[in-house]
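> missing the sequence, but the structure's below:
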Ligand SMILES: [Zn+2]
């Protein structure tokens with residue numbers, strides 16, 4: 001029986017890699033300098049490189065169930081996403097952090113349903129989205145969509161609890177972006193605090209920087225990063 005995955009690996013090196021050899025060599029010799037930390041859900045239908053048109057070296061990518069951000073202040077445990085945030089901000093000096101959730105998110109639906117008892121890590125992990133859940137007994141598409149979007153904002157708020165993130169946002173060296181990807185439409189809705197919600201990308205006037213925009217140095221920010229109007 002042919003090993004399809006092995007075949008794909010061989011095809012990559014033989015067919016795809018040669019066209020990018022120079023770029024990868026440059027990225028090895030000069031090191032990586034990605035400007036964006038992309039925190040996305042692990043869902044297979046979310047493809048960050050397709051959405052953003054990014055190529056090698058452009059996105060520092062973290063993916064997990066639900067695109068959740070764990071609290072910075074952890075007294076125990078291993079937190080790959082928290083470590084990645086610290087590395088991206090302190091070592092790579094990224095300029096943007098994108099939190100990208102999506103429609104039909106299994107993590108969000110799991111907030112309203114049963115999780116197998118054996119999935120103890122998943123059960124704990126889902127607590128990071130719990131505050132986004134709505135008080136409805138039988139959620140439908142609208143409740144799921146709202147919960148998906150509320151969960152994204154929740155993660156942005158938690159990002160602001162990371163001292164190195166907060167400091168850079170306040171210094172306007174870093175912007176935070178909340179995106180909700182609607183899979184069936186190929187459309188990103190970007191979070192815009194000033195408009196009070198998510199706006200389709202084709203109607204938005206920024207990539208979702210909301211209150212965290214760097215292009216308005218006169219605007220003040222309150223302690224939560226929301227502009228003082
Ligand atoms: Zn998801």
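Thanks, I have the structure now. This structure is a prediction, so every number in the text was calculated from the model and none was measured.

> Model confidence for residue 227, exactly?
With respect to pLDDT, residue 227 scores 45.

> Who are the packing partners of the lengthiest helix in the chain?
Secondary structure of the chain per DSSP state H: the longest helix is helix 141-159. Applying 3 or more C-beta pairs under 8 Å, 6 or more residues apart in numbering; DSSP states H and E, one finds that helix 141-159 contacts strand 96-102, helix 106-110, strand 175-182, strand 187-192. All C-beta atoms are positioned from the backbone trio N, CA, C, and that covers glycine.

> Give the next helix or strand downstream of the host helix or strand of residue 8.
Under the criterion of DSSP states H and E, residue 8 resides in helix 4-11. Next along the chain after helix 4-11, taking DSSP H and E as the criterion, comes helix 17-30.

> and that following helix, how far out from the chain's middle?
26 Å (C-alpha atoms, centre = their mean, to the nearest Å).

> Show me the contact partners of it.
With C-beta atoms under 8 Å, 6 or more residues apart in numbering as the test, helix 17-30 has contacts from 55, 56, 57.

> I'd like to know which of those are buried.
residue 57 (16 or more other C-beta atoms under 10 Å).

> wait, what's in contact with the residue nearest to residue 131 when sequence neighbours are not counted?
Leaving out its chain neighbours, the residue that sits closest to residue 131 by C-beta to C-beta, 6 or more residues apart in numbering is residue 154, at 5.7 Å. With C-beta under 8 Å, 6+ apart as the criterion, the residues that contact residue 154 are 128, 129, 131, 132.

> picking up where we left off before, now the helix holding residue 8 and helix 17-30, what's the angle there?
70 degrees (axes from the mean of the first three to the mean of the last three C-alpha atoms, to 10 degrees).

> State the mean pLDDT of helix 4-11.
97.

> Please identify the buried residues of that helix?
Buried residues in helix 4-11 (16+ other C-beta under 10 Å): none.
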